[in-house]
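In: Fold the following.
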Amino acid sequence: MHDPMTPVFRAAGTADVDAVVALVESAYRGESGRRGWTTESHLLDGQRTDPASVAEVIAKPDSRILLAERDGRLLASCHVERQGATGYFGMFAVDPAEQGGGLGKRMLAEAERIAREEWGCRAMHMTVIVQRDELIAWYGRRGYRRTGEYRPFPYGDERFGIPLRDDLRFEILLKDFAETAA
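Out: Below you'll find the predicted structure:
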């Protein structure tokens, strides 16, 4: 029997696009985002994603938007994608009202399970804005290490938000599944 407090995980379909966009925006932008600790409102304005981008990710081969629901209510989502021998983890959003209760840890673990068990990936990587020290530390406690490898922020492309400062860039974080299996 399913515990009603335990989230149910499933892959998103095209009918879920609007709900995913609304969740991601609520977790990262505006006043609702400020209630949770994952907000980027101090770094970026504008949108975090849009329906076309989410639909594209859902339709892409070896790519999945993973949803966590309870009683039919969307609580969290993330993007997980097979990129060769490595999984990619991104667009991670937890409803601000649900943050701090362990849901994010369970969601990340499920994404890692998909990459490892379903796709045979040896590692998972992600990009995190370098100014997000608290978030980088959170991933560090879950086995991700800073690589010192950086990617530029897409300045001028408002699909990723409107930067509020001129020094944003991404760092790649990596978790090697073999190192953490012991």
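
In: The host helix or strand of Tyr139 - contacts with which helices or strands?
Out: Using DSSP states H and E, Tyr139 sits in helix 133-140. Contacts defined by 3 or more Cβ pairs under 8 Å, 6 or more residues apart in numbering; DSSP states H and E place helix 133-140 against strand 123-129, strand 169-176. C-betas here are computed from N, CA, C, even on glycine.

In: List the buried residues for the next helix or strand after it?
Out: Counting by DSSP H and E, the next helix or strand C-terminal to helix 133-140 is strand 145-152. Buried residues in strand 145-152, counting neighbours by 16 or more other Cβ atoms under 10 Å, are absent.

In: so how far is strand 145-152 off the chain centroid?
Out: 17 Å (Cα atoms, centre = their mean, to the nearest Å).

In: Tell me what angle it forms with strand 123-129.
Out: With axes from the mean of the first three to the mean of the last three Cα atoms, to 10 degrees defining the directions, strand 145-152 sits at 50 degrees from strand 123-129.

In: tell me which strands and helices strand 145-152 is in contact with?
Out: With contacts defined as 3+ Cβ pairs under 8 Å, 6+ apart, strand 145-152 has these neighbours: strand 169-176.

In: again, only this time at 10 Å
Out: When contacts are defined as 3 or more Cβ pairs under 10 Å, 6 or more residues apart in numbering; DSSP states H and E, strand 145-152 sits against strand 123-129, helix 133-140, strand 169-176.

In: May I have it as PDB, with CA atoms only?
Out: C-alpha atoms of strand 145-152 as PDB (Å, rounded to 0.1, in the frame of the first residue of the first chain):
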ATOM      1  CA  ARG A 145      31.900  17.800  -6.400                       C
ATOM      2  CA  ARG A 146      33.000  21.100  -8.000                       C
ATOM      3  CA  THR A 147      34.900  20.500 -11.200                       C
ATOM      4  CA  GLY A 148      36.400  23.900 -11.700                       C
ATOM      5  CA  GLU A 149      35.000  23.800 -15.200                       C
ATOM      6  CA  TYR A 150      32.800  26.700 -16.200                       C
ATOM      7  CA  ARG A 151      30.200  27.600 -18.800                       C
ATOM      8  CA  PRO A 152      29.200  31.200 -19.700                       C
END
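
In: report the angle between the axes of that strand and helix 133-140?
Out: Here strand 145-152 points in a direction 130 degrees away from that of helix 133-140 (the same axes, to 10 degrees).
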